[in-house]
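1. Next come a sequence and a model predicted from it.
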Amino acid sequence: MAALTSRSKKSIRFEESDLLCKNGCGFYGNPSWQGFCSKCWRDVYQNAKQAQVRADEQKHKRRLLPGVDAPSFGKFEEKKKQQTDKRKNTVRSIFRKSSPDTQQEVPPDRTIVRRASIETQHAGAEFAAFLRTLKKTTALDASKQVRGFVERVQNMADAPIDDLSELVIAFYQAMSERVKTHALYRDMSHETADRLLDFVERYVMTRLYRTVFCPPTSDDEDRDLAIQDRIRSLHWINTFLLDIALNETEDSMRKLVDQAITAVIEMDSKRAPQDKLLCITRCSKHIFEALRMSKDAPASADEFLPALIYIVLKANPPLLQSNILYITRFANPTRLMTGEAGYYFTNLCCAVAFIEKLTADSLSMTLEEYEGYMSGAIVPHDPSRQYNCEDLAIMQENVTTLADLHDRQQRLMAEAMQLQQDMSNFSLDMSKEINAVLQRTPLVIRPSKVKVDLDAETTDADLLPPPLQPIIMSSVSSTPAVQIKEIVSVNFATEPSNKVSQELVTEPANQQETAKDGGALVESETSRIASEAGLANGSDVIVGSPTDNVPDVVELLGENIPDIVPADENVSEMAVAESANKNVINNELDTETVGVVDVVNDNITNVESTNKTITGGAV
Amino acid sequence: MATSSSGARDNSFKIVLLGEGAVGKTSLVLRYVENKFNDKHITTLQASFLNKKLNIHGKRVNLAIWDTAGQERFHALGPIYYRDSNGAILVYDITDEDSFQKVKSWVKELRKMLGSDIALCIAGNKIDLEKDRHVPAEEAESYAKSVGAKHFHTSAKLDKGIEELFLDLSKRMLEKAGEVEQKANGTNRSTSARRNVVIVDDEPEQKSRGCCS
C-alpha cells in the first residue's frame, strides 16, 4: 500500500506541460518519441531520415564501382556497403585535411595496430618468440619480409579477394624459396625451416584475418547465409536417412558426436588456416572414434563422409562457407594437397557440396516424401532424435519404465478382479450346486427299517384301497373280450405280459415268494391290480381306474422296500428309473390288463384264487 | 607430418581410390599400408587417409592415399576428391559386373577432367573368388590398355598383386613428375599449378550455389 501511494504521489508531481508534445501542438508527447507527439515525431524523424538517405545516395553515386551489382538493396548489401564505407571514410577522414590525394602511400597499419586483437597480439608474440631462437640476422630478415608483406596486402585491402589470395600464396612460395636458397637461411635445419614457414603463415594470416576473411568485396556472406538456411531447412535428416552406423542413444557415442560438433563449430573462432584445419581434423578424429565404436574395423570413406555430413548438419557451423573459402584461398597449398588435414578439409568441402545439392534422390526417397519433410508436413521417424540431451533420455527411460509398471499394475488389477469374480462365482456355484443336490435329494428322515410282518394288521392297510371284489360277469363278457383281444394282438403282444400272465396262471404260488423282491413285486402287483380292475369293473373301466391307483401302490411299495432307496449319486438315475417304471407300469398295465383279461376269460376260476393270494401277499 | 613446401626434397603424390561401395577399396589400402586383412590389430583409427613412404631408385616417395565414398549418391563429389591428384586407382569387384561399368565411367570422367596428367591403375579385386568371376579378365585388360591404364589382378585377402600395383603406379607418377619438371622451369610451373588450385576450387562451389538458390 505504501508503495502504491508513494508512486501515485510521484505521478502528481508531473506538470501537465511535461506531458505535452515538445512541438507545442497541444497533443501529449511520448518519451519514446523523444517527447514529441506521434504526428510531430513522424515529421521530424522522416525529414531527418530522408535527408540522410539523400546524402547517402549522393555519396554512394560518387563512388559507385562499375563492377558492383546493386539491383537489390537487401539488408546484407547495405551492411557490406557500410563496412566498406566505414573503412574508406576513416582512412579518408584521417588524412583528408593534410593530403587528400595520397591515400595509397598512407601506412594503414596504424589503424590496424590501434585495433589489434588479442589473437594478433598472441600470434605476434609467438612469432617473435620463435624468431628469437634464430640467428639475429635471419630473424631480422624474416621479420622484415613478413611485416613488409602484411603492410603491402593491407594497403590493397579493397582488391578482389582472389588477387589477394594469389598474392599470399605467392608470398608463401617466395618465402619458401628464400628459405631454401638465400644465404641467410643456409645453415637452417629442415625442421626449423618448416617451423619458420609455419609461423610465417600463421602470423601473416592472423594479421590479415580482418581484411581477408569474408571480405566485403566477395559474396561470401551471402553464401554463408545460404548454407545456414539450407542446413536449417534440412534439420530433419537423421542417421537413418544417411545410412550411418551411429547409435546416438549410447552415452559415449553421444559424447563423441558432441565433441565432433564442438570442434567443427570452434573452427570459426580460429584465425590461422592451420588452426582451422586442426579443428576439422579434431572433428574428423572424433567421428572416426565414434564410427570405430559401432564397427570393429577402421572406418573407410564410405562411412566417414555420411557421418561428417550428419555432423555438419547437426552443428550448422557459423560462417561455414566463409571459413572454407578462407582456407582454400589462404592455406598453404601443400598442406591442402597431400596432408591429412587436407584430406579432412576436402571431405568437409564434399559434405558442404552434398548438402547444397541434396535432392530426394540422394537420400533415396520419393520427391513427395522429400517435399513433405522440407515443408515440415512429415517428420521422419527417428528414435535417436529424442535423445538430444541426457536428461531427456533419462526422462524417456523413466516414462517407459513407468508405462511398463502401469501396464503391469493394470494387469495385476485385472487378474485380482478376475480372481475375486472367480471366488464369488465359485461360492455361488457351490451353493447352487449344493441347493440343487439338496433339492434333488431332499433330506428325508426315513423311519428305521421295520420288519414287515406280512400277516400283521397295520394302520397302513387302511390307506390302501379296499380290495376289489371280483365280479363275475355273465351277460357282457363276450363282446368286449373279443375287442380287447384284437387290440392286444395288434399292439401289445409283448412277451412279459404273456409271461406274467402265464406266471400268474402257472405259478401262483411262486408269486408270493417273489413278491418280496421290488421289481418283481411291482410287476406282480400291477398285474394283480390290473386283473382285479379288469375283473371288478369290466372291460370299460380297465384302462382308466387301475392306473390311477398304481402310483400309490408303487409309493407304498417303495417305502416299504428298503432296497429301492437310492444312494446319493444314483438319485437322478433313480428318478429316471422311477418315471420309466411308471411308463412301463402304465404300458404294462394296459398290456397286462388286456392280457390278463384275456387269460382271465379262459381261467376265471384260477385267477380268482391267485388274486386272493396276491392281494393277501401284498398286504 | 611434414608440411614442407619444398617439393624437390621428396616426391609427394596424392592417390585417390575410386570405385563402387564394397569392392574392397579399404581392404586393399589397409593390406598395402598395414599388411593386414580383417585384423583386429590394425593400428590406424581410420582407413580413409593413409600415408606410405617408399624409396624408388633412391628417390624418396611419399604416397598420400585418399579413400573416397563409393556410394552412388556421392558420385557427384568426385571432382572435389580427385582434384590435384597424381594417380588414381580404380577398383572393381571381379564378381560384380556393375562395379566394372562404374570403373569405366570413372575413367571417362577422369580423362575428361584431368587429361593425361593423372596416372591410372585398374584393379580387379577379389581374385580369391575366381570361381564367381563375372568380369572376363581379357575384357578388363584390353579395356585398361585402350584407356592407357594398367590392369592388375588383386586380392586383399590373399595379398596378391597389391604391392605391384602401388609400385607401378608410383613409378609412373615419378616419370610424369620428371616430365613436368623437364618441360618447364620448375618454380614457374609449380606457381601456376598453385594458382590453379584456387581457380579450380571456385568453379564447383559457384555451380553448386546456383543450383540451390
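-> Right, received. Where do you want to start?

2. Return the set of buried residues in stretch B:150-168.
-> If you call a residue buried by 16 or more other Cβ atoms under 10 Å in any protein chain shown, then stretch B:150-168 has these buried ones: B:150-157, B:160-162, B:165-166. (Glycine included, C-beta is placed from N, CA and C.)

3. What is the nearest of those residues to A:Ser322?
-> For A:Ser322, the closest of those turns out to be B:Phe166, at 38.5 Å, with distances computed as Cβ to Cβ.

4. Tell me, how many residues neighbour A:Thr181?
-> By the criterion of other Cβ atoms under 10 Å in any protein chain shown, A:Thr181 has 9 neighbours.

5. residues touching it, list them.
-> Residues in contact with A:Thr181, defined by Cβ atoms under 8 Å, 6 or more residues apart in numbering or on different chains, are absent; none qualify.

6. Let me see the backbone angles for it.
-> phi -110, psi -30 (degrees, to the nearest 10).

7. Which of the buried residues of stretch B:150-168 fall in helices?
-> B:162, B:165-166 (DSSP state H).

8. Can you lay out those as JSON lines showing distance to A:Met395 and pLDDT?
-> Below are those laid out as JSON lines (distance: Cβ to Cβ, whole Å; pLDDT from 0 to 100):
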{"residue": "B:Ile162", "distance to A:Met395": "52", "pLDDT": "92"}
{"residue": "B:Leu165", "distance to A:Met395": "55", "pLDDT": "93"}
{"residue": "B:Phe166", "distance to A:Met395": "54", "pLDDT": "93"}
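
9. need these in a markdown table with distance to chain A, can you?
-> Rendered in a markdown table, the data for these read as follows (distance: Cβ to the nearest Cβ, whole Å):
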| residue | distance to chain A |
| --- | --- |
| B:Ile162 | 16 |
| B:Leu165 | 18 |
| B:Phe166 | 16 |
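
10. where do the strands sit along chain B?
-> Listed in chain order, the strands of chain B (DSSP state E) span B:11-18, B:49-56, B:59-67, B:87-93, B:119-125, B:150-153.

11. And the last one, how far out from the chain middle?
-> Here strand B:150-153 is found 13 Å from its chain centre; the criterion is Cα atoms, centre = their mean, to the nearest Å.

12. follow-up on the earlier one: with respect to A:Arg195, which of the buried residues of stretch B:150-168 is nearest?
-> Out of these, the one with the shortest distance to A:Arg195 is B:Phe166. That distance is 31.4 Å, counting by Cβ to Cβ.

13. which residues does that closest one contact?
-> Counting by Cβ under 8 Å, 6+ apart, B:Phe166 touches B:32, B:52, B:54, B:63.

14. partner residues bridging the residue nearest the centre of chain B?
-> The residue at the geometric middle of chain B, judged as the C-alpha nearest the mean C-alpha position with Cα atoms, centre = their mean, is B:Ala88 (2.4 Å). Beta bridges link B:Ala88 to B:Val16, B:Leu120, judged by DSSP bridges.

15. how about the ones in helices among the buried residues of stretch B:150-168 in a markdown table, adding distance to A:Asn347?
-> Converted to a markdown table, these look like this (distance: Cβ to Cβ, whole Å):
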| residue | distance to A:Asn347 |
| --- | --- |
| B:Ile162 | 24 |
| B:Leu165 | 24 |
| B:Phe166 | 22 |
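
16. these two touch, right, A:Leu367 and A:Ala360?
-> Yes: distance between A:Leu367 and A:Ala360: 4.7 Å, which falls inside the contact criterion (Cβ atoms under 8 Å).

17. of these two, who's got more company?
-> Set side by side, A:Leu367 and A:Ala360 show more neighbours around A:Ala360, with 15 against 10, by other Cβ under 10 Å.

18. quick one: low-confidence parts of chain A?
-> A:1-17, A:59-116, A:380-390, A:453, A:456-462, A:474-619 (pLDDT under 70).

19. Tell me which other helices or strands the longest helix along it touches.
-> Ranked by residue count, the top helix of chain A under DSSP H comes out as helix A:390-440. Packed against helix A:390-440, as judged by 3 or more Cβ pairs under 8 Å, 6 or more residues apart in numbering or on different chains; DSSP states H and E, are the following elements: helix A:571-602.

20. Name the nearest residue to A:Ser294, sequence neighbours excluded.
-> Nearest residue to A:Ser294 in three dimensions, chain neighbours excluded: A:Ala245, at 4.3 Å (Cβ to Cβ, 6 or more residues apart in numbering or on different chains).

21. The closest residue in space to A:Leu208 that isn't next to it in sequence is in what secondary structure piece?
-> Closest residue to A:Leu208 in three dimensions, ignoring its sequence neighbours and counting by Cβ to Cβ, 6+ apart: A:Val153, at 5.7 Å. Under the assignment given by DSSP states H and E, the secondary-structure element containing A:Val153 is helix A:136-155.

22. ok, residues contacting that helix?
-> For helix A:136-155, contacts defined as Cβ under 8 Å, 6+ apart pick out A:104, A:107-109, A:112, A:127, A:131-132, A:134, A:164, A:167-168, A:171, A:175, A:178, A:182, A:184-185, A:188, A:196, A:200, A:203-204, A:207-208, A:211-212.
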